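J.: I'd like to go over a predicted model; first the sequence, then the structure.
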Amino acid sequence: MEVFIAPGYEQISRIAARIVADVLNAKPNAVLGLATGSTPLGLYKELIRMHRDEGLDFAQVTTFNLDEYVGLAPTNTQSYHYFMRENFFEHINIATDHIYIPSGTTSNYHAFCPWYERRIEECGGIDIQILGIGSDGHIAFNEPGSSLRSRTRLKTLAKQTIEDNSRFFEQPEDVPVYAITMGVGTILESRSILLLANGENKASAVAQMVEGPVTSMIPASALQLHPAADVILDDAAASQLKMRDYYEWVQQNKPSAPRS
């Protein structure tokens, strides 16, 4: 795991977008793993700008999203299908049949989950997986206690996750209790991983992910086991790192370190 620290949200978004663009320029038919939520919005906006202004091409790209709420139809404004259309897919030249998002309304989750895993494999595996991190250290909807070898499955959401996500819904009780999510094991099979975090509310989880033990109680700590995981933080999210000075020294002295 490599840690990179930028002054603010705009900078981490630009750095992340450049890393993704480098993957696409090297492999036009790359498979992207995508995340939802407020953290990757800046990344998606920058990728849209690069598509518009620099000709970044998504015509051959395939995408797999991490998760979706159970019970929300794709047309629901709080569904991740809707989020991805509004904030990314409608603004780039991606083929609709190259877009995969877990179904929140399938009638057979036991069949859908292994199918989603097989489809990732059939498409060649994920080249770069975008992640955020929850305030309790979860990635995707893999809550604390999730097996570090878990696969795509149904997951009951933790009270903390429901509380954190309630800001997106009219009422807290509208937040779904269940989600379908890629597992930690699924995520770790990606060839490279790019985790973004911003804000002081993520600082504790980030510190435990980067510098704490690998534990199912902080599912994101499993990224320590991945050979190509980059963590890009703003100042606030990096504020509790004990070895922050070292990470910044490496960033300044490593020629290949990403720059904003």
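T.: Received, thanks. Numbering: from 1, shown residues only.
J.: next, count neighbours for residue 74.
T.: 15 (other Cβ atoms under 10 Å). No exception for glycine: its C-beta is placed from N, CA and C like everyone else's.
J.: could you find the closest non-adjacent residue to it?
T.: Spatial nearest neighbour of residue 74, chain neighbours left out: residue 81 (3.6 Å); criterion: Cβ to Cβ, 6 or more residues apart in numbering.
J.: quick check: closest non-adjacent residue to residue 32.
T.: Here the residue nearest residue 32, using Cβ to Cβ, 6+ apart, is residue 63, at 4.8 Å.
J.: cool, residue 198 as well?
T.: Closest residue in space to residue 198, ignoring its immediate chain neighbours: residue 234 at 4.3 Å, by Cβ to Cβ, 6+ apart.
J.: surely that neighbour touches residue 201?
T.: No - applying Cβ atoms under 8 Å, one finds residue 234 not in contact with residue 201, separated by 11.8 Å.
J.: neighbour count winner among the two?
T.: Comparing residue 234 with residue 201 by other Cβ under 10 Å, the one with more neighbours is residue 234, at 22 against 13.
J.: the more buried one pairs with what?
T.: Assessed by DSSP bridges, residue 234 has beta-bridge partners residue 6.
J.: how about the backbone phi and psi for the residue nearest to residue 32?
T.: phi -130, psi 150 (degrees, to the nearest 10).
J.: tell me the buried residues in stretch 242-255?
T.: Buried positions in stretch 242-255, judged by neighbour count with 16 or more other Cβ atoms under 10 Å: 244, 247, 251.
J.: stretch 82-89 too?
T.: For stretch 82-89, by 16+ other Cβ under 10 Å, it's 82-85, 88-89.
J.: got the CA positions of whatever helix or strand residue 19 lives in in CSV?
T.: Assigned by DSSP states H and E, residue 19 belongs to helix 9-26. The C-alpha trace of helix 9-26 is given here as CSV (Å, rounded to 0.1, in the frame of the first residue of the first chain):
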residue,chain,number,x,y,z
TYR,A,9,-10.5,17.4,-2.3
GLU,A,10,-9.9,18.9,-5.8
GLN,A,11,-6.3,17.8,-5.8
ILE,A,12,-7.1,14.2,-4.8
SER,A,13,-9.7,14.1,-7.5
ARG,A,14,-7.3,15.3,-10.2
ILE,A,15,-4.6,12.8,-9.1
ALA,A,16,-7.1,9.9,-9.1
ALA,A,17,-8.4,10.9,-12.5
ARG,A,18,-4.9,11.0,-14.0
ILE,A,19,-4.2,7.5,-12.7
VAL,A,20,-7.4,6.2,-14.2
ALA,A,21,-6.7,8.0,-17.5
ASP,A,22,-3.2,6.4,-17.6
VAL,A,23,-4.9,3.0,-17.3
LEU,A,24,-7.3,3.7,-20.1
ASN,A,25,-4.6,5.1,-22.4
ALA,A,26,-2.5,2.0,-21.9
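J.: returning to what we had before: quick one: which of the buried residues of stretch 82-89 is nearest to residue 225?
T.: For the buried residues of stretch 82-89, the residue nearest residue 225 by Cβ to Cβ is residue 84; the value is 28.1 Å.
J.: so the closest one, which state does it fall into?
T.: Following DSSP: H, G, I helix; E, B strand; the rest coil, residue 84 is assigned to helix.
J.: which residues sit in contact with it?
T.: Applying Cβ atoms under 8 Å, 6 or more residues apart in numbering, we find residue 84 in contact with 34, 36, 65, 99, 101.
J.: could you dump the residues you listed into TSV and include pLDDT, secondary structure and neighbour count?
T.: Formatted as TSV, the contacts of residue 84 follow (pLDDT from 0 to 100; DSSP: H, G, I helix; E, B strand; the rest coil; neighbours: other Cβ atoms under 10 Å):
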residue	pLDDT	secondary structure	neighbour count
34	98	strand	24
36	96	coil	26
65	98	strand	23
99	98	strand	18
101	98	coil	24
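J.: can you map out the strands along the chain?
T.: Assigned by DSSP state E, the strands in the chain fall at 2-6, 31-34, 62-65, 67-69, 99-100, 128-131, 153-156, 178-181, 192-197, 229-234.
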